[in-house]
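A.B. asks: Structure of the sequence below:
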Amino acid sequence: MTSFDKFLRYKAKRLERDIPGGEKGFYAEMSRFGCRLYTALSVVGEYVILALMFLASLFLKLFVIIKNALKKLFKKIGSFFKARFGRYGKALKSGRTEVEHIREEKGFFAGVLAEFKFVGRILFGKRGIAVTAFNYALPIVCCVFLFNIVSYATSRTYALKLTVNGNFIGYIEDETVYTDAEQLLINRINYTGSDTDSVNFTHEYEVSPMSYGTAPSTKYQIADRMLRLLGEEVEQGYGLYIGDNYYGTLISHERLDKALDGILDQYRTGDETETVAFDKEVSFVTGLYLADSFVDESDIIDLVTSYKQVATYYTAVLNDSPYMISQKVGMTIAELSQLNPGFSLKTPIHIGDEIKITQEQPFMNVVVTRREQYEETIPYETEYVSDNTRYVGMRVIKREGKNGTREVTADVSYLNGVEISRNVLVRTTTVEPVNKIINVGTLPRPANSAPGTVTEAGKFIWPVGGNGGKKGYGFAAPGYSSHRGLDIIAPYGTPIYAAESGTVTSVYSGGGWGSGWGNHIVIQHSNGISTRYAHCSAIASGIRVGTKVTAGQVIGYVGSTGNSTGNHLHFEVMVGGVRVNPIGYLPKHS
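C.D. replies: Below is the predicted model of the structure:
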C-alpha cells in the first residue's frame, strides 16, 4: 500500500468521526469511492508505463539491428574500394621516394620530368586510376544510353502514313479510316449527280512515327483533303448526315436544329426518367464539299418533318386484346381485319403475336424510353390431387383459384408512340396467387355409374341419369309452399345417382305410400349434410342402411311411388336436419 493510499484511508476515518448524521455516511462513501478510483487509475497507469517501456525496448532493438546492418554495408563498400584503389596510395608513396632520389642524383629538371612520367603512369597506365574508373563507368553509361534510346522509341506514336496519288494526305490509325473517307467522298459526289467513274485514287500506306503534337486524321479530314485533289470547286459547309446517309450540305443549320428539336418536343412529357431521341443519329460534319452539293435549309426542314404511309407490325404484349390493340395503333377493327383476314373482337391474342398495321410514319423516327410502374396479374396454377374415393372421370374443384397481383417497374420504349420493347427491372408481389385445387377420381368406375363430370367446390353432381331430365316443382314453389325439395322429371327407370359420397342412413323399399315419399333413400355426407331421393320405382341392389356409396353410384331408379302423380325424382337437401333449397348445391342444368 502506497503512502497516498494510507493518507486517503486516514482522511476517510477522520470524516466518519467528525461529520455527524446522514452527512457522515455520505462523505464516508465519497471518500471510499475516491480510494477505489485512485487504485484503479494506479493499476491502469502501471500497465500503460509497462507498454511504453516494451515499445521503447522494441524500437531500441530495431535501431541496433539497423545500425549494425549499415555498419556492415559501409565496411563492405570500404573494403571494395580499398581493394581496388588502395594500391594507388602505396604507388604514390614509392613514386615520391623514386622522384626524390632522381632529383638528388640528376638535378631539379630531371626530377620534374620523372614526376610527370610517374603521374602519367598512375593515371593512364594499364592499371591506372583513369583506366580503372573507365572500366567501371563504361557499362553504366551504356545501360543509361540504351535505356534512353528505348524510352525515346517507345514514347513515339506510330501510325499509317497515307499517300494518295503521290500526295501526302496525313496519318491514320488503320486502313478503315481511308476506306470510310473514300466512301464519304463518293457519297458527296453522287449527291450532286456527278459521275464517280472518273474518280480514281491510288493510295499507299507506310508505318511511320508521327511528329510530336500530331494526332491521327479522322475520316472526315481525309475526305476533305482528297476532295482538294479532284480540282473541283469546293466550299466550306456543314454536311448533314442522318445515320450513315448524306443529305446535302448547308451553309448554316440553326433553323433546322429548331425544327428537329420541335419534333422531339411532341413526344416529351417532362417525365424525369424519359429519354427522347431520334432512332438515327443526326450530325453536322464541318468540312469541304462540292459547290453543287449545297441545299436550301427550308427544303431539308420540309423533308425531316414529312410523313408517309407504311405497313408494319404490332407485337402483342401481356393483357393485349383486339380492342386494346386497335386503340393503341389508332385503327378500327374493320381496318385491322382488311390487313389481317379473320381478325375480329373475338380473335384470341397471345404474347408475341404480330398484327399487321398501317400507320403514318414520320421521316424522322423518334424513340422514347421512360420508366413506368404498373400492376400486373399473376395467373394462378392448377393442382391436381388424386382422390381414391371418387370414380375415374369425376373431378371436384376443391378450391377455386385466384390470380395474384404484383407491382412492376419497367423501362418501356416506344417508336413514334407505339410500344416496341419492355425491359422489366423489378417485380414486387403484392398479393400471392391462390392455386386452384382439383381432386381427380382414381376409383375404377362401374359401367352404370354417372358419366365423368367436373363439379364445382361445394356442389353435388346432378342426381339423375340419361339426359338429366328436366326441372319440375322447385323448393317452396308458388302455390305449393310446403314442397321442400326439387322435382326432376325423367322417364320411368332412369338411374338415380348418389349426389355425393356418404353412408346410407335410411332405406324404404316397400312400395305404396311410404310416408308420402314412396320408395326412398337418405344418405348422410361427411360435411353434416344429408340428401333424400324419393318416389323411386326401385332401390338399387346392395343399397341398405350402412352401405358406403360413392358420388355417381347408382342407388335407385326414377318412378312414381308414394304421393306422386308422375315419374320423377323428389330430391331434398338437409343441413342439420333442416331442409334447404337444393338448387344452391347442384350444378347448372337446363
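A.B. asks: in this protein, which residue is closest to the centre?
C.D. replies: Geometric centre of the chain, nearest residue: residue 425, 5.9 Å, by CA atoms, centre = their mean.
A.B. asks: Provide the secondary structure category for that one.
C.D. replies: strand (DSSP: H, G, I helix; E, B strand; the rest coil).
A.B. asks: How many neighbouring residues does the closest residue to it other than its chain neighbours have?
C.D. replies: Distance criterion CB to CB, 6 or more residues apart in numbering; nearest residue to residue 425, sequence neighbours excluded, is residue 409 at 4.9 Å. C-betas here are computed from N, CA, C, even on glycine. Residue 409 has 14 neighbours, counted by other CB atoms under 10 Å.
A.B. asks: got it, and residue 354?
C.D. replies: Neighbourhood size, residue 354 [other CB under 10 Å]: 11.
A.B. asks: give me phi/psi at it?
C.D. replies: phi -110, psi 120 (degrees, to the nearest 10).
A.B. asks: ok, it - contacts?
C.D. replies: Shown here is residue 354, whose contacts under the criterion CB atoms under 8 Å, 6 or more residues apart in numbering are 313, 314, 315, 316.
A.B. asks: May I ask which helix or strand encompasses the most far-flung residue of the chain relative to its centre?
C.D. replies: Distance from the C-alpha centroid of the chain peaks at residue 105, with 104.5 Å (CA atoms, centre = their mean). Here residue 105 sits within helix 21-106, counting by DSSP states H and E.
A.B. asks: and if you look at residue 324?
C.D. replies: Residue 324 belongs to helix 322-329 when elements are defined using DSSP H and E.
A.B. asks: which residues sit against that helix?
C.D. replies: For helix 322-329, the external contacting residues (CB under 8 Å, 6+ apart) are 314, 316, 332-333, 336, 343-347, 349, 355, 357, 359, 418-419.
A.B. asks: Give me the distance from that helix to the chain's centre.
C.D. replies: Here the centre of helix 322-329 is set off from its chain's centre by 30 Å, with CA atoms, centre = their mean, to the nearest Å.
A.B. asks: I'd like the average pLDDT over that helix.
C.D. replies: Per-residue pLDDT over helix 322-329 has a mean of 91.
A.B. asks: Can you name the next helix or strand after it?
C.D. replies: Using DSSP H and E, the helix or strand that follows helix 322-329 towards the C-terminus is helix 333-339.
A.B. asks: Can you give the contact residues for that next one?
C.D. replies: For helix 333-339, the external contacting residues (CB under 8 Å, 6+ apart) are 311, 322-323, 325-326, 329, 343-345, 355-358.
A.B. asks: ok, so of the residues you listed, who is nearest residue 512?
C.D. replies: Among the contacts of helix 333-339, residue 345 lies closest to residue 512 (CB to CB), at 60.7 Å.
A.B. asks: How much space separates the closest one from residue 443?
C.D. replies: Plainly put, residue 345 is 44 Å away from residue 443 if you go by CB to CB, to the nearest Å.
A.B. asks: higher neighbour count, those two?
C.D. replies: Set residue 345 next to residue 443 and count neighbours by other CB under 10 Å: residue 443 wins out with 19 against 10.
A.B. asks: can you pull up the bridge partners for that one?
C.D. replies: Per DSSP bridges, residues listed as beta-bridge partners of residue 443: residue 391.
A.B. asks: Report the contact partners of it.
C.D. replies: Residue 443 neighbours (CB under 8 Å, 6+ apart): 388, 389, 390, 391, 392, 550.
A.B. asks: Surely residue 142 is within a helix?
C.D. replies: Yes - Residue 142: assigned to a helix according to three-state DSSP.
A.B. asks: Could you report the neighbour count for the closest residue to residue 465 other than its chain neighbours?
C.D. replies: In space, and not counting its chain neighbours, residue 465 is closest to residue 495: 3.7 Å by CB to CB, 6+ apart. Applying other CB under 10 Å, we find 20 residues neighbouring residue 495.
A.B. asks: Could you check the pLDDT of residue 495?
C.D. replies: On the pLDDT scale, residue 495 is placed at 96.
A.B. asks: Can you name the residues bridging to it?
C.D. replies: Beta-bridge partners, per DSSP bridges, of residue 495: residue 557.
A.B. asks: I'd say it and residue 466 touch.
C.D. replies: Yes - Residue 495 is within contact range of residue 466, at 7.3 Å (criterion: CB atoms under 8 Å).
A.B. asks: Could you pull up the residues touching the closest residue to residue 293 other than its chain neighbours?
C.D. replies: Nearest residue to residue 293, sequence neighbours excluded (CB to CB, 6+ apart): residue 249, at 4.7 Å. For residue 249, the contacting residues are 188, 237, 238, 239, 240, 289, 293, 294, 295, by CB under 8 Å, 6+ apart.
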